[in-house]
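**Student:** Dropping the sequence and predicted coords here.
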Amino acid sequence: MPAARRAGAARAICNSGLFAASRARLCPKIERIAWFAPADSPALTGWVCAPYGGTPLLDAVGTAVADTGDWLANMPESQRPERVMIVIGTDGEENTSREYSLKQIRDMVTHQREVYKWDFLFIGAGLDTFAEAGAMGIPVASTLNNAPGKFQAAYVGTNSVITRARAGGQSVTSVGYTDSERADAGGKSER
């Protein structure tokens, strides 16, 4: 396990090439750093993960999904984005959530993927990434395990997956991480 326990949930809302994102820090409660901010917002760049001793991963995912759903529900349909992507990044296993259970998260993720065609990506280090993501309903193709110290490579690979999916009008699951992106991140592969 890396010295610092990092966990976060971020989401990207893409519409006709426009991009808005949110970032939350878990310390141990969820702190909204930037919510639905433009991609060039200073709150979304230059951040550093720091240890907090707990990972309310289910609460972070549940909050991101619920808040995004609420935000979209309050928009006129004509202004809603065509694509919603939730990116989950953590090096800590779930251990302090109070609001959401694993079953609730799996149901939420499955519902959003099947009904609204949302995309979910899961990046994890220092845990059984594929089991953790799979238990939440996130497919292997959109899950990446990275080695400690390889977070930058993991996010570069994630950017590539999102770029390919957006360019081809496909889901991130159908595009998936390449063997090269998985190797660059230095983690285990489920393939």
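**Tutor:** Yep, that arrived.
**Student:** Run through the helices of the protein in chain order.
**Tutor:** Residue ranges of the helices in the chain, as given by DSSP state H, are 57-73, 102-115, 129-135, 151-168, 172-175, 179-185.
**Student:** would you list these in JSON lines and tack on mean neighbour count?
**Tutor:** For the C-beta atoms, the positions are set from N, CA and C on the backbone; glycine is no exception. Listed next are the helices of the chain as JSON lines, based on neighbours: other C-beta atoms under 10 Å:
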{"stretch": "helix 57-73", "mean neighbour count": "20"}
{"stretch": "helix 102-115", "mean neighbour count": "16"}
{"stretch": "helix 129-135", "mean neighbour count": "19"}
{"stretch": "helix 151-168", "mean neighbour count": "17"}
{"stretch": "helix 172-175", "mean neighbour count": "19"}
{"stretch": "helix 179-185", "mean neighbour count": "17"}
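**Student:** Among these, which comes closest to residue 40?
**Tutor:** helix 151-168 (15.2 Å; C-beta to C-beta).
**Student:** quick one: the closest one to chain centroid distance?
**Tutor:** Mean-position distance between helix 151-168 and its chain equals 12 Å (C-alpha atoms, centre = their mean, to the nearest Å).
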